[in-house]
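Peer 1: Build me a model from this:
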Amino acid sequence: MGSTSLVRACRLTKSLFSDSYEVLTFQVRGKKYLNHPKLRYPLWFLKKERAKYDEKITQENVSFVKEVVQERYSLSSPLKDPPVPRGEWAPGCTRAGLIARKIGCYPMWLKDGSKIFTTLLQVSDNHVISYQPPGEFSMADTPHRKRKPVKNPLRKGCLLVGGESADPQLFTKEYCGLFTDSGIMPKRLLTRFYVSPEAAIQPGTPLFATHFKPGQYVDVNGKTVFRGFQGVMKRWGFSGMPASHGVTKTHRRPGNIGGGGEKGRVWPGTKMPGHMGNRSRTIRGLKASLNERMIMTIIKLDVVWRINTKYNVIYVQGLAVPGETNSVVYIYDSVLPLRKLTEAPPFPTFYPEELTEVLPEDLYAEEVHQFRSPSITFK
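Peer 2: I've put the predicted structure just below:
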């Protein structure tokens with residue numbers, strides 16, 4: 001009797017619920033948010049772009065505003081703060097880096113006849129915006145990282161560097177206020193470098209491509225080319241399934257993604273389809289040997305082979321610099337133990353007013369063959 005009454009009650013409940021409620025279905029596939037790179041702005045960063053609308057300004061007023069901007073930023077004003085004392089270079093000192101744009105590739109030849117490919121990085125109007133000494137700067141000063149504030153463990157200062165000057169009318173008033181103390185025009189690009197206290201640079205100082213020297217190893221950081229959502233064959237290099245002989249709709253599929261038995265699950269880190277590219281990657285200064293089938297010569301990767309002082313272009317070894325053409329990259333001194341600086345570079349940076357002679361238009365490393373010099377010499 002008890003089971004019969006329970007069945008009747010369930011039928012009654014089902015009929016009541018079916019009359020007053022509707023069954024809703026929710027899509028589960030594709031509901032997960034994509035893992036986009038997060039922009040972790042520091043606390044001092046302000047809103048950059050402002051709303052653009054037609055301000056009904058005549059052409060005469062437009063030219064007048066341009067003249068005012070030019071007069072304001074062309075005049076040299078006295079420093080608000082006392083000059084930062086220059087330190088002396090020592091092994092282990094961390095210098096500032098540069099902001100550059102990847103503008104293309106170019107072949108070069110060494111003196112032994114071997115051909116190398118280089119990537120051209122143009123340093124675009126870099127200036128020092130501000131400097132925070134180690135006592136005032138904390139590496140935990142980011143709003144997205146909710147953790148206990150810690151003191152600066154590396155005893156580094158923070159050097160804010162900007163690149164590519166632009167019209168102040170394109171930015172907000174708060175963003176333009178970041179450049180008031182340095183007395184330079186607002187920049188489209190901003191980044192910060194952790195430097196040693198000896199490598200501090202006075203705000204307002206320009207940075208040139210000669211900040212590095214030919215033959216030096218560097219590290220280049222940038223965002224890789226964005227490929228969108230890709231399968232396992234393109235993203236991870238899977239071979240895929242056969243094209244024929246009974247294969248049905250599994251030509252480009254990954255196959256089994258989980259084991260059997262007690263481990264029958266998808267393990268963390270399994271290579272699966274997903275977004276490819278658009279990730280920050282750093283290529284370090286390395287040496288690599290060619291394939292055994294080729295001539296066994298030693299080539300340098302991420303070495304500054306040539307510097308053009310006229311257009312501030314740095315020729316870096318290799319074609320593996322991350323990013324597309326015209327993308328932004330960041331250049332540092334190499335941090336690899338066997339590729340660090342052994343001789344004093346321009347410290348803390350290159351100052352053109354200290355030159356006794358005019359620099360040539362192109363600076364080459366010792367191993368590079370210059371086309372102005374003869375290729376064959378007779379003894």
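Peer 1: centroid residue for this structure?
Peer 2: Centrality entry for the chain: nearest residue to the mean C-alpha point is G222, 3.0 Å, by CA atoms, centre = their mean.
Peer 1: what stretches of the stretch 101-250 of the chain score poorly on pLDDT?
Peer 2: Within the stretch 101-250 of the chain, the stretches with pLDDT under 70 are 137-154.
Peer 1: By residue count, which strand of this structure is the longest?
Peer 2: strand 98-109 (DSSP state E).
Peer 1: List the buried residues for it?
Peer 2: 98-103, 108 (16 or more other CB atoms under 10 Å). In short, each C-beta sits where N, CA and C put it, glycine included.
Peer 1: Each with direction, which strands does the helix or strand hosting the residue nearest to the centre of the chain pair with?
Peer 2: Per DSSP states H and E, G222 falls inside strand 218-223. Using DSSP bridges, strand 218-223 pairs in its sheet with strand 280-283 (antiparallel), strand 328-333 (antiparallel).
Peer 1: quick one on the thing from earlier: how about the buried residues of strand 98-109 in TSV, adding distance to E55?
Peer 2: As requested, the buried residues of strand 98-109 are arranged in TSV below (distance: CB to CB, whole Å):
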residue	distance to E55
L98	36
I99	31
A100	34
R101	31
K102	36
I103	34
M108	50
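Peer 1: which of those sit farthest apart?
Peer 2: The span of those, defined through CB to CB, is set by I99 and M108 at 24.0 Å.
Peer 1: How much space separates I129 from D54?
Peer 2: According to CB to CB, to the nearest Å, I129 and D54 sit 32 Å apart.
Peer 1: For the stretch 201-350 of the chain, just list every one of the strands.
Peer 2: Under the criterion DSSP state E, counting those that start in this stretch, the stretch 201-350 of the chain carries strands at the ranges 206-207, 218-223, 228-230, 274-276, 280-283, 286-289, 298-301, 304-308, 313-317, 328-333.
Peer 1: which ones are touching G264?
Peer 2: Contacts for G264 (CB atoms under 8 Å, 6 or more residues apart in numbering) come out as G258.
Peer 1: Assign a three-state SS to G135, would you?
Peer 2: Recorded secondary structure, G135: coil (DSSP: H, G, I helix; E, B strand; the rest coil).
Peer 1: Equivalent analysis for E353, please.
Peer 2: helix.
Peer 1: Distance of it relative to F208?
Peer 2: Using CB to CB, E353 is found at 12 Å from F208.
Peer 1: who's more crowded, these two?
Peer 2: Of the pair E353 and F208, F208 is the one with more neighbours under other CB atoms under 10 Å, namely 18 against 4.
Peer 1: show me the contacts for the more buried one.
Peer 2: By CB under 8 Å, 6+ apart, F208 lies in contact with 123, 126, 309, 312, 349-350, 352.
Peer 1: As a check, name the ranges of all helices in the stretch 151-300 of the chain.
Peer 2: Assigned helices in the stretch 151-300 of the chain, in chain order: 173-176, 232-235 (criterion: DSSP state H, counting those that start in this stretch).
Peer 1: More neighbours: I129 and D54, which one.
Peer 2: More neighbours surround I129 than the other of I129 and D54, with 21 against 5 (other CB under 10 Å).
Peer 1: give me the beta-bridge partners of the nearest residue to the more buried one once chain neighbours are set aside?
Peer 2: Once flanking residues are discounted, I129 sits nearest to L160: 4.2 Å by CB to CB, 6 or more residues apart in numbering. Beta-bridge partners of L160, counted by DSSP bridges, are S130, R192.
Peer 1: L160: neighbour count?
Peer 2: A count of neighbours around L160, defined by other CB under 10 Å, yields 22.
Peer 1: F229 now?
Peer 2: Residues near F229, counting by other CB under 10 Å: 10.
Peer 1: start to end distance for stretch 330-348?
Peer 2: Taking CA to CA, to the nearest Å, stretch 330-348 runs 17 Å from one end to the other.
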